[in-house]
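*Asks:* This is a predicted model, with the sequence first.
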Amino acid sequence: MCHALQFCRACFDERQTSVNELLQAVQAPKAEHPQLAPGDTVKVHVRIVEGNRERVQIFQGVVIRLRKGGNNANFTVRRIASHGVGVERTFLLQSPRVEKIEITRSAKVRRAQLYYLRDRRGKAARLKERRRR
């Protein structure tokens with residue numbers, strides 16, 4: 001255990017905080033990303049390592065789930081790949097591999113998790129666009 005963590009633990013002993021909470025207090029958020037919401041269509045720029053070279057891959061799709069939790073916050077993006085096969089990928093929000101997140105479109109949804117989109121095909125999987133004021 002590092003000295004900084006021992007010092008923090010001594011300071012916070014009265015409140016009975018967990019080690020995970022202490023780590024979140026010590027670590028600052030690494031990257032500034034836009035405010036995501038379920039139903040947003042996003043482009044996630046991810047750094048991929050292939051052998052000895054790195055490249056940036058763009059994964060575009062609809063955010064179907066958003067889990068908050070400090071440094072453990074993550075979100076799931078779903079897109080339709082070739083031959084109508086659905087592909088879902090989960091990203092950590094504070095991951096160093098996620099270079100940039102762009103919101104291309106926002107949809108009006110009433111659910112926090114859009115798992116019902118897994119059963120929809122074609123035009124039935126469309127979401128109504130949210131109007132900006």
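*Replies:* Nice, I can see it.

*Asks:* Please identify which helix or strand holds the residue nearest to the spatial centre of the chain.
*Replies:* In the chain, the residue lying closest to the centroid (Cα atoms, centre = their mean) is Phe75, at 3.1 Å. Using DSSP states H and E, the element containing Phe75 is strand 74-80.

*Asks:* What are the buried residues along the longest strand anywhere in the chain?
*Replies:* For the chain, the longest strand by residue count, based on DSSP state E, is strand 53-67. Residues 61-66 are the ones in strand 53-67 that count as buried (16 or more other Cβ atoms under 10 Å). Where you see a C-beta, it was placed from the backbone N, CA and C, and this is true even at glycine.

*Asks:* and whichever helix or strand comes after the strand holding Phe75, what does it pack onto?
*Replies:* Going down the chain from strand 74-80, the next helix or strand is strand 86-92, by DSSP H and E. On a contact count with 3 or more Cβ pairs under 8 Å, 6 or more residues apart in numbering; DSSP states H and E, strand 86-92 meets strand 41-50, strand 53-67, strand 74-80.

*Asks:* low-scoring stretches of the protein, by residue?
*Replies:* 1-17, 22-31, 133 (pLDDT under 70).

*Asks:* One more pass at 80, please.
*Replies:* For the chain, the stretches flagged by pLDDT under 80 are 1-31, 132-133.

*Asks:* contacts for the strand holding Phe75?
*Replies:* Identification of contacts with strand 74-80 by Cβ atoms under 8 Å, 6 or more residues apart in numbering yields 36, 42, 44, 59-67, 86-93, 114, 117-118, 125.

*Asks:* just the angle between that strand and strand 86-92, please?
*Replies:* With axes from the mean of the first three to the mean of the last three Cα atoms, to 10 degrees defining the directions, strand 74-80 sits at 160 degrees from strand 86-92.

*Asks:* What strands flank strand 74-80, and is each parallel or antiparallel?
*Replies:* Sheet pairing of strand 74-80 (DSSP bridges) gives strand 53-67 (antiparallel), strand 86-92 (antiparallel).

*Asks:* of all the ones you listed, which lies closest to Ser106?
*Replies:* Among the strands paired with strand 74-80, the nearest to Ser106 by Cβ to Cβ is strand 53-67 (9.7 Å).
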